[in-house]
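J.: sharing a sequence plus its predicted fold:
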Amino acid sequence: MACVLHADDCTAAVASREDKLQSLFRTQATAAAQSPERLELALAADLTEEMLQRFCAEAPFHIALGAGGDRKVWRRLAQLSVDINELALVGAASTCNVATLQVVYQHLLNQRCDVHCSIWWITGVALAKHGDTGLCFAWLAPQNSNVEDAAGTWPEWFCSVLCGTAASNGHLASLQFLLDRTRGQALFGRYAPLHATDVVEEDVGEDAADIIRETMGWIGDTDSQEHYKSLLDCAAEGGDVRMVQWLLQQGHSVTPITFEVAAHNGHLHLVKHLAAQGYACDANVLYNTTLVGGGIPPAQMEWLRGRGGGDWSQAGMTEALLKRLASDHADATYALAQWLLAQGAQWPESIRELTRRGAPMHHVVWALQHGCGSGEGGWTAEHCEEAERSCRGLRRALHELGCPCECEERVAIMASIGELHM
């Protein structure tokens, strides 16, 4: 049995070959950070110094080191001349434990590691995401005063981003703490709704603009315009009816994108709840955002059809199928695509209809496995190049599924597959 490191994605791998069959087991960098035993397994290979540094340079690795808080792992890495970086604070924040945060921070100080103000911002966002209700926020508040470029204060947008993150993740107690003028706002400044004028990169800086857009930004599925979510929109993203009701009672209003945000994330229960209270929604807008959203239940499409949304002709459903499979939403599943096929949607003449739209590789593979073909004109080397441009690695996946192209890459790939199964 031999241990090797996969240099491309910095994972440790244990490979065995027995009876001409090869199996591969990989330990992800984040898993290696969880215990001394897993770290030793990952390091058991005959690694070069360069490969080790690449393995330990992955951001998720340091975040996992902070979340684990295992000083035995840190000491072992120190023996290998690998320092923990400041991203460990973000991992520690995911525990919402003051002791873990303090231990990680002290370790960084001992390493003479300077923590940039943007790391403190991201640490705060992580606390809001994971539902801290005050203790860790109180620990975080004075840390910004230790950063030279932070002027000892938190930026004007910071409290708004914390509140939005808490709302998006369904943490009502965290949101209530942050909105309290004597608690959260006393620590981080006042809450105010964000607008496009608040996110001018030249004014707030690139790091801040990225954080604001990632947590509060919203690109409309129908108008393709950049919006900034209100607190109610953030709550709609999380799908927590109790959170939404509390905000409505506090005077927050449904906005033009509240329904769209809820539908995009598959929260039919919230869409129906708001509609039942008399708030108006456009079924066609919700239909379009549903097609490119996250884990959408087919029942949401049924409900929208009942309200007159969407094109339910065969051509309309086929277009809906293509839009669904072209979606790159991280939480997208195949349930809606399967439902559309059962309702009468047809596969396109060629899988190129998906590759042209930039469909994720796993969606293209799924389509081929479930009846979509390569087209009457066949599949050429040019089509392979087009597919690879749309998604790196797609060409190999297509060839492994029997794509009829005879390009040099296919010959090499099929030869390697034959070697593996000899």
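T.: Everything's here; your move.
J.: for the stretch 51-200 of the chain, what are the low-confidence residue spans?
T.: Within the stretch 51-200 of the chain, the segments meeting pLDDT under 70 span 51-52, 146-152.
J.: now do the strands in the protein.
T.: Assigned by DSSP state E, the chain shows strands spanning 2-6, 11-18, 21-27, 217-219, 226-228.
J.: so who does the residue nearest to I63 when sequence neighbours are not counted touch?
T.: Take I63 and drop its neighbours on the chain: the residue closest to it by Cβ to Cβ, 6 or more residues apart in numbering is G91, 3.8 Å away. C-beta: built from backbone N, CA, C; applies to glycine. Residues near G91 by Cβ atoms under 8 Å, 6 or more residues apart in numbering: 62-68, 104, 126.
J.: distance to Q300 and neighbour count added to the residues you listed, as TSV?
T.: Shown next, in TSV, are the contacts of G91 (distance: Cβ to Cβ, whole Å; neighbours: other Cβ atoms under 10 Å):
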residue	distance to Q300	neighbour count
H62	39	24
I63	34	24
A64	35	23
L65	40	29
G66	38	30
A67	34	22
G68	38	22
V104	42	27
A126	31	24
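J.: so what touches stretch 257-277?
T.: With Cβ under 8 Å, 6+ apart as the contact definition, stretch 257-277 has outside contacts at 218, 220-222, 227, 229-230, 232-233, 236-239, 241, 244, 254, 279, 281-282, 285-286, 289-290, 292-297, 299-300, 303, 331.
J.: among the contacts of G91, which lie within helices?
T.: Taking DSSP state H as the definition of helices, the contacts of G91 contribute 62-68, 104, 126.
J.: and these, which is closest to L354?
T.: Using Cβ to Cβ, I63 comes nearest to L354 of these, at 33.7 Å.
J.: surely the closest one touches A88?
T.: Yes - assessed by Cβ atoms under 8 Å, I63 is found in contact with A88 at 6.9 Å.
J.: surely P193 meets S230?
T.: Yes - using Cβ under 8 Å, P193 makes contact with S230 at a distance of 5.8 Å.
J.: more neighbours: which of these two?
T.: Taking neighbours as other Cβ atoms under 10 Å, P193 and S230 compare with S230 leading, 24 against 15.
J.: W246: neighbouring residues, count only.
T.: 16.
J.: quick check: closest non-adjacent residue to it.
T.: L172 (6.3 Å).
J.: how deep is that neighbour tucked in, by neighbour count?
T.: The number of residues packed around L172, counting by other Cβ under 10 Å, is 18.
J.: one more: the one 3 residues further on?
T.: Taking other Cβ under 10 Å as the criterion, the count of residues near L175 is 29.
J.: repeat for C163
T.: Counted with other Cβ under 10 Å, the neighbours of C163 add up to 26.
J.: pretty sure it sits against D180.
T.: No - with contact defined as Cβ under 8 Å, C163 does not count as touching D180 (10.8 Å).
J.: report the central residue of this protein.
T.: A330 (5.9 Å; Cα atoms, centre = their mean).
J.: check contacts around that one.
T.: If you count contacts by Cβ under 8 Å, 6+ apart, A330 has them with G294.
J.: who's in contact with H329?
T.: Applying Cβ under 8 Å, 6+ apart, we find H329 in contact with 292-294.
J.: for it, phi and psi?
T.: Main-chain torsions, H329, degrees, to the nearest 10: phi -60, psi 130.
J.: what score does it have for pLDDT?
T.: pLDDT, H329: 84.
J.: from A93, how far out is A208?
T.: A208 is 18 Å from A93, where distance means Cβ to Cβ, to the nearest Å.
J.: neighbour count winner among these two?
T.: Shown here are A208 and A93; by other Cβ under 10 Å, A93 has more neighbours (28 against 20).
J.: ok, R71 touching V103?
T.: Yes - judged on Cβ under 8 Å, R71 makes contact with V103 at a distance of 7.4 Å.
J.: going along the chain, name the helices of the stretch 301-422 of the chain.
T.: Applying DSSP state H, counting those that start in this stretch to the stretch 301-422 of the chain gives helices spanning 314-326, 335-343, 352-355, 361-369, 381-390, 394-400, 408-420.
J.: what helices or strands is the fourth one leaning on?
T.: Yep, that's helix 361-369 we're talking about. Helix 361-369 is packed against helix 314-326, helix 352-355, helix 394-400, with contacts defined by 3 or more Cβ pairs under 8 Å, 6 or more residues apart in numbering; DSSP states H and E.
J.: if you average pLDDT over each of these, which is lowest?
T.: Per-stretch mean pLDDT for these is lowest at helix 394-400 (a mean of 73).
J.: list the buried ones in that helix?
T.: Within helix 394-400, the residues that count as buried by 16 or more other Cβ atoms under 10 Å are 394-399.
J.: give me every residue that touches E156.
T.: E156 makes contact with 189, 192, 198, according to Cβ under 8 Å, 6+ apart.
J.: one step back: what would the helices of the stretch 301-422 of the chain look like in CSV with distance to Q250?
T.: Shown next, in CSV, are the helices of the stretch 301-422 of the chain (distance: least, Cβ to Cβ, whole Å):
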stretch, distance to Q250
helix 314-326, 36
helix 335-343, 34
helix 352-355, 45
helix 361-369, 41
helix 381-390, 46
helix 394-400, 48
helix 408-420, 59
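J.: ok, which of those helices comes nearest A29?
T.: A29 lies closest to helix 361-369 among the helices of the stretch 301-422 of the chain, at 21.7 Å (Cβ to Cβ).
J.: now that closest one: buried residues?
T.: 361, 363-368.
J.: can you report how many residues neighbour the closest residue to R181 other than its chain neighbours?
T.: Nearest in space to R181, with sequence neighbours left out and distances taken as Cβ to Cβ, 6+ apart, is R190 at 7.7 Å. Using other Cβ under 10 Å, R190 has 12 neighbouring residues.
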